[in-house]
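Student: Predicted coordinates and the sequence they were generated for:
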Amino acid sequence: MENGLISVDRWSDGSQIYFLTHLHSDHTKGLSSQWSKGPLFCSRLTAKLFPFKFPNFNLSLLRVLEIGLWHSISLISPSSGSRKVIKVLAIDAHHCPGAVMLLFRGDFGCLMYTGDFRWEMSSERANKGRIALLNALEDNTVDILYLDNTYCNPSYAFPSREIAARQIVDIIASHPQHDIIIGINSLGKEDLLVHISRMLGLKVWVWPERLQTMHLLGFNDEFTTKTNLTRVRAVPRYSFSIDTLEGLNQMRPTIGIMPSGLPWVVRPHEGDGIHSGSLLTTRYRRSKLNENGRFLIEKQTGKVESVTKLHNYIFSVPYSDHACFSEIQEFIKLVRPTTIKGIVSSSSCYIEPLYYFGRLCGAKQPVNKFHHKKKGTEKVEKNVDIKFVNSKKGTNAGILNAGVRLGRVSALRRVQRGARLPEDDCL
């Protein structure tokens, strides 16, 4: 489809309608209380949280996408002036409250945008999401999959969030005389904090703005802003540091827990030998630092997903809201897209998704290459201005190939559902 129709998580001029996958700041860059470029589509929960993040926003611009239901939207072609209809479906992304994946259909074909997502299959909620996705795809080929490739590297292997949450509870329970500091963002990790509260029978302290968010999400009993009521505090991630923890330990025994898929390492400031905490984006960088013998990192087991003690006062636990490599692979096997484009377009560990997953796609892919980041840049971009390709163009041979492709995808998806295939469907 031509440009000038829709944008996803991108807020510049030039589109008729806009879609927001979730309210994390890297997906709302350019969005503000004064923004008024067109109708904005999002999930019902995101719409509920929206006024809190963007006060005085013109709420008449918001359009709610009910999860699991197709919505038809009529647009005008900028080039021909003819009317076009786009169908869109929102699917639970299992990332943070309100986060959705978006499936688009129209005369351009079928496109999917994951936004940020997690694809663990160990919970009832996740299994419902898998069934909903299969039902939505039916026998349609996804021409382009816009993929959350944050952890598109085999070195990232996480346990389920349920297992990671139990690890965190075990750490807290094994330090009964300590105050506990947990680093979190302004949205996300709510299930983890609720689990801690209920398993240990105590409230969790959060800062006042975070408490408002918790109440909007329906959590009214597990959280407090009174420090004298609890020894467990969830603090903004930017305030989580070794300097802070060392200062707190001057008054009371305190440990910090960082729940994240990203490696969190201890490193000294250049030239002064003073340690500070830093989230790094690659295990490569962490291993290089270890070879120099400069940091105290104690692995409790040899597994990637183990709890890591980084400092006398800090534990890192791989509780991640993004899909790890094996989950991305399973997701691609299920969707069977023709091609893939990563939405994390630049980071210090960026690898083109086709490098690992091109063999799972329907179309012949170009030679796989690593995409190296230019030295000195750390910017991560997750905003995509979708440019649709008209799938109807092509020769008769192309149409024939599409038919064969469709039958293959249909059969593979039926296998994923557990269906027994008749002989005519065998590949």
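Tutor: Sure thing, it's come through.
Student: Could you use CA atoms for every contact and neighbour count after this?
Tutor: Will do.
Student: and stretch 231-242, how far out from the chain's middle?
Tutor: Centre-to-centre, stretch 231-242 and its host chain are 22 Å apart (Cα atoms, centre = their mean, to the nearest Å).
Student: Check the model's average confidence along that stretch for me.
Tutor: Averaged across stretch 231-242, the pLDDT comes to 93.
Student: Stretch 199-208 too?
Tutor: For stretch 199-208, mean pLDDT is 97.
Student: now the end-to-end length of it.
Tutor: End-to-end distance for stretch 199-208, by Cα to Cα, to the nearest Å: 23 Å.
Student: Which residues outside it are in contact with it?
Tutor: 169, 173, 193, 196-197, 221-227, 229-235 (Cα atoms under 8 Å, 6 or more residues apart in numbering).
Student: Out of those, list just those in strands.
Tutor: 223, 224, 232, 233, 234, 235 (DSSP state E).
Student: I'd like those residues as TSV, with neighbour count appended.
Tutor: TSV is the format used below for those (neighbours: other Cα atoms under 10 Å):
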residue	neighbour count
223	24
224	20
232	24
233	23
234	21
235	18
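Student: low-scoring pLDDT stretches of the stretch 251-400 of the chain, where are they?
Tutor: 263-306, 346-350, 363-400 (pLDDT under 70).
Student: go again using 80 as the cut-off
Tutor: Along the stretch 251-400 of the chain, the parts satisfying pLDDT under 80 run over 262-306, 309-311, 345-351, 362-400.
Student: residues in contact with residue 36?
Tutor: For residue 36, the contacting residues are 58, 61, by Cα under 8 Å, 6+ apart.
Student: and it, how far is that from residue 69?
Tutor: 26 Å.
Student: what do you get for residue 95?
Tutor: Taken as Cα to Cα, the span from residue 95 to residue 69 is 19 Å.
Student: More neighbours: these two, which one.
Tutor: Counted by other Cα atoms under 10 Å, residue 95 and residue 69 do not tie: residue 95 has more neighbours, with 21 against 13.
Student: quick one on the thing from earlier: turn the ones in strands among the contacts of stretch 199-208 into a markdown table, columns for distance to residue 248.
Tutor: Formatted as a markdown table, these follow (distance: Cα to Cα, whole Å):
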| residue | distance to residue 248 |
| --- | --- |
| 223 | 21 |
| 224 | 20 |
| 232 | 13 |
| 233 | 12 |
| 234 | 14 |
| 235 | 13 |
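Student: Residue 254: which of these is nearest?
Tutor: Using Cα to Cα, residue 232 comes nearest to residue 254 of the ones in strands among the contacts of stretch 199-208, at 9.8 Å.
Student: Who does the nearest residue to the closest one once chain neighbours are set aside form a beta bridge with?
Tutor: In space, and not counting its chain neighbours, residue 232 is closest to residue 180: 4.6 Å by Cα to Cα, 6 or more residues apart in numbering. Following DSSP bridges, residue 180 is listed with bridge partners residue 232, residue 255.
Student: measure residue 180 to residue 191 for me?
Tutor: For residue 180, the distance to residue 191 - Cα to Cα - is 17 Å.
Student: Ok, residue 341 next?
Tutor: Residue 341 sits 30 Å away from residue 191 when distances are taken as Cα to Cα.
Student: same thing with residue 107?
Tutor: Counting by Cα to Cα, the gap from residue 107 to residue 191 is 40 Å.
Student: Same check on residue 110?
Tutor: Look at residue 110 and residue 191: by Cα to Cα, they are 33 Å apart.
Student: do residue 72 as well
Tutor: Distance, residue 72 to residue 191, using Cα to Cα: 33 Å.
Student: what does residue 51 give?
Tutor: Distance, residue 51 to residue 191, by Cα to Cα: 22 Å.
Student: swap in residue 74?
Tutor: Going from residue 74 to residue 191 by Cα to Cα gives 38 Å.
Student: quick one: which of those two has more around it?
Tutor: Taking other Cα under 10 Å, residue 74 and residue 191 do not tie; residue 191 has more neighbours (15 against 10).
Student: hang on, that one in a helix?
Tutor: Yes: the assignment for residue 191 (DSSP: H, G, I helix; E, B strand; the rest coil) places it in a helix.
Student: how near is it to residue 52?
Tutor: Residue 191 is 20 Å from residue 52, where distance means Cα to Cα.
Student: Please state the mean pLDDT value computed over stretch 131-142.
Tutor: 87.
Student: So for it, what gets flagged as buried?
Tutor: Under the neighbour-count criterion of 16 or more other Cα atoms under 10 Å, stretch 131-142 has 132, 133, 134, 136, 137, 139, 140, 141, 142 buried.
Student: again, but for stretch 144-158
Tutor: Here stretch 144-158 shows 144-153, 156-158 as buried, counting by 16+ other Cα under 10 Å.
Student: and the end-to-end length of it?
Tutor: Stretch 144-158 has an end-to-end distance of 26 Å (Cα to Cα).
Student: Likewise for stretch 95-105?
Tutor: Using Cα to Cα, first and last residues of stretch 95-105 are 23 Å apart.
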